[in-house]
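**Student:** just to be clear, the model below is a prediction. Sequence and coordinates:
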Amino acid sequence: MITWRAFGSILALPLVTCGSSEQRSADSPATSLSSAPTSSPALQTVAATPATGTAQLQQADVTKRELSVFKPKPREKIDLQQGPDGLYRFEIRGTSRGLAAGDGRLLLWVRPVRPPADGWYLQRGPLNGIGNVEPDGSWRGTAQIGNLQWPPHSGNVLDIAVSVVDGKTADDLLGATGVVVRGQPVGDTVATVEGIILALK
């Protein structure tokens, strides 16, 4: 969970410029998709479609991966309603390609922007995070905002990111003790959406 103490709220889930995305290794600084080609022999080209928040990774002799988030959209105001358990959650939806052929799994991250917090926070189950990827590549995720003691507030702003990691990395992160927070979302393909505005109903 993420505590926004400045506003007395907690963000319990996981922007780069509108619809932007990143490609990097789990242990190296983030690299923009528009940067110079990497020296890695496995990576041939990296391309992005900023308008759709799509990250695309094309590898030689492996598989071409694409990852898109289409709900919510950059700078969209989303209405949150309190659930039966008293908590606030919202849905994230998107599409992917090239995951079935490999060991790729999806992780959901959130970064508080207003009020700010350090790092990206991993969303984990049983109700939060991303479940299985459907055969057509579509996926759904759930992010929880706040808790019973520290609920969110209208006007809070956050960024979300979805990343692709291998199975072992996913198991390690999802099984870690305590809150998992990183300076950047862990993964070799990352799609981000920024400026999401919360509106409580």
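**Tutor:** Received it, and whenever you're ready, just let me know what you need.
**Student:** I'd say residue 82 and residue 88 touch.
**Tutor:** Yes: Residue 82 is within contact range of residue 88, at 5.9 Å (criterion: C-beta atoms under 8 Å). Every residue, glycine included, has its C-beta placed from N, CA and C.
**Student:** worst mean pLDDT across the helices and strands of the protein, which element?
**Tutor:** strand 43-49 (a mean of 32; mean pLDDT, DSSP states H and E).
**Student:** quick revisit: got any residues that touch both of residue 82 and residue 88?
**Tutor:** Taking C-beta atoms under 8 Å, 6 or more residues apart in numbering as the contact rule, the neighbours common to residue 82 and residue 88 are residue 200.
**Student:** which one's more surrounded, these two?
**Tutor:** Between residue 82 and residue 88, counted using other C-beta atoms under 10 Å, residue 88 has the larger neighbour count: 22 against 13.
**Student:** tell me who's in contact with that one.
**Tutor:** Residue 88 touches 80, 81, 82, 144, 145, 146, 151, 152, 200, counting by C-beta under 8 Å, 6+ apart.
**Student:** paired strands for the longest strand anywhere in the chain, with orientation please.
**Tutor:** Of all segments of type strand in the chain, defined using DSSP state E, the longest is strand 189-200. When pairing is defined by DSSP bridges, strand 189-200 lines up against strand 21-22 (antiparallel), strand 77-80 (parallel), strand 157-165 (antiparallel).
**Student:** thanks again, I'm all set now.
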